[in-house]
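J.: Here's my sequence, what's the structure:
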Amino acid sequence: MANISFLFFVCSCTAFAGVILKVQAESPLFTFPPVTNFSLEGVATNIPSLPYIFNMPFVQLSNGDKTQATFSWMTYNQPISLWDDSFSFVLNFSSHFQFLTSRNDYNSSQYGDGLTFFLAPFDSEPPQNCTGQWLGLFNQSTDGNSSNHIVAVEFDTFKNDPFDPDDNHVGINVNSIVSKASVSMRNKSGIEIGSGSILSSWVDYDGLAKRLDVFLTADLNALEKPESPILSYEIDLTNILPQNIKVGISASTAYSLEQHYVYFWDFKSHHSPTLTKANYVLILVVASVFTVAGFVLLAGLWYFRNKSREEDDIEIDKWFNEGPCKFSHAELRTAAKFFSQEQKLGVGGFGNVNRGILPGAKEAVGCLYVGN
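T.: Alright, predicted model coming up:
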């Protein structure tokens, strides 16, 4: 009984927690193309369509002009709320985008620098001198400042010593160009970011687990993200970013021949209730009520089941202790109303069988009449 009660308690907690944590289904907040809901800054340009390259609109983030260092931003032009005013809900999101990074001259050492997916305050603007290694997000003065309030995933194609592992890596950056976590794609999956191939990436954030996951594949036929992320990092975005944020993609070059294109981008989100102390108490209280009710129900079933068994045992004991009941001929005649025809049920092997009610009995019995 104790094991059953504990199991019921666990099930109650799980079920009720599932109700508390129920979230709305993910739905696209925005999708590109078209470019209608996006702002383009720097050298970013919307290309309506080039059939021989990609038969749909795309955004060119850098022009491959090696005579100048460039930067570009492509941002969604509406604010996204990271949490609600009462802080009872936090944002979960999954952003999927397809991009291409191409080095025009593979024999040249002058290429770079890369592309990022970033989150920043909604009113933020590109800083001055953010080209080259700064990936359009920082500069010599702002790098490392907590006042930046920027979180980014970099797809880096240039090795900047001493903080980059190589010229083909993915990193997660917080307020700085120096990554908090990074992984070499050359060692991880064999993907070459600057190869000129279209790559698909997903950046997911779990607001309850406080974890950022990055997925990357070169398989354009993949409708779903890979099973495992290439990079994960535990981070509470609410400690870094303001409530209303800007979502964007940036890119930069430094007198290089690298070009960057974005062909597709969507952003899906939903809000999850935060597990505050009050919610924990509510879960425990309601689960306890369900547990007590379940225990009472189980105890009642156990009681009535055992009571029924005891009554059956008493009847059996009475039968064995007292033996079969004996009735006189007069009692049987009276019970069967003198074996009248209207009481006749049928004929047995030894004579007529009549219906009768014995003294003290509630139910009718069959009385066999043997004789002439």
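J.: low pLDDT regions in the stretch 251-372 of the chain?
T.: 272-296, 298-329, 331-350, 352, 354-372 (pLDDT under 70).
J.: can you give me the helices for this protein?
T.: Here the chain has its helices, by DSSP state H, at 2-20, 185-188, 277-322, 329-335.
J.: Could I get the average pLDDT for the first one?
T.: I take that to be helix 2-20. What helix 2-20 shows for mean pLDDT is 46.
J.: again with the shortest one
T.: When pLDDT is averaged along helix 185-188, the result is 79.
J.: elements contacting that helix?
T.: Packing partners of helix 185-188 (3 or more CB pairs under 8 Å, 6 or more residues apart in numbering; DSSP states H and E): strand 169-174. To be clear about C-beta, it is placed using only N, CA and C from the backbone, and glycine gets the same treatment.
J.: So what touches the strand it packs on?
T.: 116, 137, 150-156, 164, 179-186, 193, 212, 214, 216, 230-231, 233, 235, 240 (CB atoms under 8 Å, 6 or more residues apart in numbering).
J.: could you redo the last one with a cut-off of 6 Å?
T.: 151-156, 179-184, 214, 231, 233 (CB atoms under 6 Å, 6 or more residues apart in numbering).
J.: again with stretch 217-236
T.: 170, 172, 181, 183, 188, 191, 197-200, 202, 210-216.
J.: Going by neighbour count, which residues in it are buried?
T.: Neighbour-count burial for stretch 217-236 flags Thr217, Ala218, Lys225, Pro229, Ile230, Leu231, Ser232, Tyr233, Ile235 (criterion: 16 or more other CB atoms under 10 Å).
J.: Most widely separated two among those residues?
T.: Farthest apart among those by CB to CB are Ala218 and Ile235. That separation is 26.6 Å.
J.: What are the boundaries of the strands in the stretch 51-200 of the chain?
T.: 58-60, 70-76, 80-81, 89-103, 114-121, 151-156, 169-174, 179-184, 195-206 (DSSP state E, counting those that start in this stretch).
J.: Looking at those strands, spot the one closest to Phe30.
T.: Among those, strand 70-76 sits nearest to Phe30 (CB to CB), with 5.3 Å.
J.: Mind exporting the C-alpha coordinates of the closest one to CSV?
T.: Taking Å, rounded to 0.1, in the frame of the first residue of the first chain, the C-alpha atoms of strand 70-76 are listed here in CSV:
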residue,chain,number,x,y,z
THR,A,70,32.6,46.1,-44.7
PHE,A,71,29.9,45.2,-42.3
SER,A,72,26.2,44.4,-42.7
TRP,A,73,23.1,43.8,-40.5
MET,A,74,19.9,42.1,-41.5
THR,A,75,17.4,42.5,-38.6
TYR,A,76,13.7,41.8,-37.9
